[in-house]
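1. Using only what follows, build the 3D model:
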Amino acid sequence: MITANSVLVGRLAATPFEHMPDDPTVEPLRRGELLDSWTRGDGTSDGHLLGMTLPVPEALIQTSMFLTALTFMYLAAKAVEDKEYRAQFVDPLIETVRVTLVARDRYRLSLRATS
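-> Numbering: from 1, shown residues only. Have a look, this model is predicted:
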């Protein structure tokens, strides 16, 4: 008998779970049910971001935004706390931003001078 989980057996090869049986009393979660649970019942396949409709599920957009925020918080805390990390990665980026802003200011000044 082929179950929904038996399709995944190839992906479980060479893991401790390869020969463990599936629980026959548990029904697999279908994509629509998962999508509904992640989007609080709004299981549409189109997501919205900044007023745009994207062909990506809303759940994926929400999850990506959460992971982005979590990553940013980690990097911000690391940049404040770790002097070596700041010297190696953050300080060069800040210097690049400074140079870019100086170049932008000079460019905008040259536009005013010619007009």
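2. Val90 contacts Glu81, correct?
-> No: Val90 lies out of contact with Glu81 (C-beta atoms under 8 Å); the separation is 11.3 Å. All C-beta spots, glycine's among them, are computed from the backbone N, C-alpha and C.
3. Compare those two (neighbour count), which wins?
-> Taking neighbours as other C-beta atoms under 10 Å, Val90 and Glu81 compare with Val90 leading, 16 against 9.
4. what residues does stretch 65-79 touch?
-> Stretch 65-79 is contacted from outside by 85-86, 89-90, using C-beta atoms under 8 Å, 6 or more residues apart in numbering.
5. roughly how far apart are the residue nearest the centre of the chain and His48?
-> By C-alpha atoms, centre = their mean, the chain has its centre lying nearest to Ser64, at 3.2 Å. Per C-beta to C-beta, to the nearest Å, Ser64 is found 13 Å from His48.
6. Now render the contacts of stretch 65-79 as TSV, adding distance to Thr71, secondary structure and pLDDT.
-> Shown next, in TSV, are the contacts of stretch 65-79 (distance: C-beta to C-beta, whole Å; DSSP: H, G, I helix; E, B strand; the rest coil; pLDDT from 0 to 100):
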residue	distance to Thr71	secondary structure	pLDDT
Tyr85	14	helix	85
Arg86	17	helix	86
Phe89	14	helix	86
Val90	15	helix	85
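7. can you map out the helices along the chain?
-> For the chain, the helices defined by DSSP state H cover 31-38, 58-81, 83-85, 91-114.
8. Redo these as TSV? Include distance to Thr15.
-> Output for the helices of the chain, formatted as TSV (distance: least, C-beta to C-beta, whole Å):
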stretch	distance to Thr15
helix 31-38	22
helix 58-81	25
helix 83-85	34
helix 91-114	40
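9. least reliable of those going by mean pLDDT?
-> Across the helices of the chain, helix 31-38 has the smallest mean pLDDT, namely a mean of 64.
10. could I get the contacts of stretch 65-79 as CSV with distance to Pro57?
-> As requested, the contacts of stretch 65-79 are exported to CSV (distance: C-beta to C-beta, whole Å):
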residue, distance to Pro57
Tyr85, 35
Arg86, 37
Phe89, 33
Val90, 34
